[in-house]
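J.: next come a sequence and a model predicted from it.
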Amino acid sequence: MKKMILFSTIFWGLSFSKSSKAQSPVVDSLMAINEISYIGKPLDSLITKLPTGYIKIFVRGLFLQKARCITVQYPGWIWIDLHVREFTHMNPIDNNGVWDINLMRKEKLYGIAIYNDINCLKNCDMH
């Protein structure tokens, strides 16, 4: 009986956690982005359309030496990665992992990935 109560409590907690995250207006807005309409356009064209209220925007790199995406982070560990694969406005290689975000915003979008806490919600293989 104790195992059944414990299992039910854990299942209910996980279900509540997932349903409360799914109801986030920021997540809903990010998931509603028509990614196809922004592919090949400057990252800035999408950044200006993102939901307001983000707390951090920064360039992230692959192995800290090659710029890979701009991450836009919202409260509650919600974020969107705007990925680039071909660079024409900036050198993506920097041994110190320091890039000019204004130049990165001019690069063309390859794709997006959306996360909520530790859960990848869209394009989980984008790395």
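T.: Now that the structure is in, tell me what you want to look at. Numbers count the residues shown, from 1 in each chain.
J.: I'd assumed residue 70 was in contact with residue 58.
T.: Yes: with contact defined as Cβ atoms under 8 Å, residue 58 reaches residue 70; the gap is 7.1 Å. All C-beta atoms are positioned from the backbone trio N, CA, C, and that covers glycine.
J.: low pLDDT regions in this structure?
T.: 1-23, 127 (pLDDT under 70).
J.: for the most centrally placed residue in it, helix, strand, or coil?
T.: For the chain, residue 80 is the residue whose C-alpha lies nearest the centre (Cα atoms, centre = their mean; 1.8 Å). Counting by DSSP: H, G, I helix; E, B strand; the rest coil, the backbone at residue 80 sits in strand.
J.: what sits against it?
T.: 30, 50, 71, 72, 112, 113, 114, 115 (Cβ atoms under 8 Å, 6 or more residues apart in numbering).
J.: for residue 35, which residues are in contact?
T.: 111, 112, 123.
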